[in-house]
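Participant: Have a look; sequence and predicted model below, questions after that.
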Amino acid sequence: MSMSVGSGSGGVMCEINTTPLIDVMLVLLVTLIISLPVMTHAVKLNMPNPNAQPPPPDRPPDVIDLEIDFDGTIAWNGTPVTGMDQLDGYFHGEAAKDPQPEIHMRPDRRSRYGVVAQVLASAQRNHMQKIGFTNVAQFEQ
């Protein structure tokens, strides 16, 4: 390395001394390398047994079509329900099954909201889990 002491003319020197900057960067780099933790832990993976039998295919749940007509008539899979007590009995019997069947509710667009709300409340009281509305495209305007 060479070092410039200055010129004989006594002018101002306009060069940056980069030696301290390089020294600081080298110290920081060495500190970073030393302080990095050594990877000593391994990741445990629970791999499936290659000789095990495949699981049985999932059976899709049964579907119950529940129609509500404009005059308040409720039909369970096409058969009319005589009253809310009979509907509660149907819900109670279906809630005990495993897997629980899906209820596809199809209210008429002219049906009263109170009847639909009573049917939903009855399903909720009997712990039915899967309830959905079908054919709702007729409600869009």
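Facilitator: Structure's in. What do you need? Numbering: from 1, shown residues only.

Participant: C-alpha from now on. contacts and neighbour counts both.
Facilitator: Will do.

Participant: starting at the chain centroid, how far to the one helix or strand in the chain whose mean pLDDT sits lowest?
Facilitator: Using mean pLDDT, DSSP states H and E, the weakest-scoring helix or strand in the chain turns out to be helix 19-35, at a mean of 89. Mean-position distance between helix 19-35 and its chain equals 46 Å (C-alpha atoms, centre = their mean, to the nearest Å).

Participant: Which strands border the following helix or strand past that helix, and is each parallel or antiparallel?
Facilitator: Heading C-terminal from helix 19-35, the first helix or strand you meet, by DSSP states H and E, is strand 63-68. Strand 63-68 sits in its sheet next to strand 74-76 (antiparallel), strand 102-107 (parallel), going by DSSP bridges.

Participant: Next, the buried residues of strand 63-68.
Facilitator: 64, 65, 66, 67, 68 (16 or more other C-alpha atoms under 10 Å).

Participant: How far away from the center of its chain is it?
Facilitator: The answer for strand 63-68 is 28 Å, by C-alpha atoms, centre = their mean.

Participant: Name the residues that touch that strand?
Facilitator: 74-78, 101-108, 111, 115-116 (C-alpha atoms under 8 Å, 6 or more residues apart in numbering).

Participant: try stretch 84-96
Facilitator: The contact list for stretch 84-96 (C-alpha under 8 Å, 6+ apart) reads 81, 100, 101, 119, 122, 123, 126, 127, 128.
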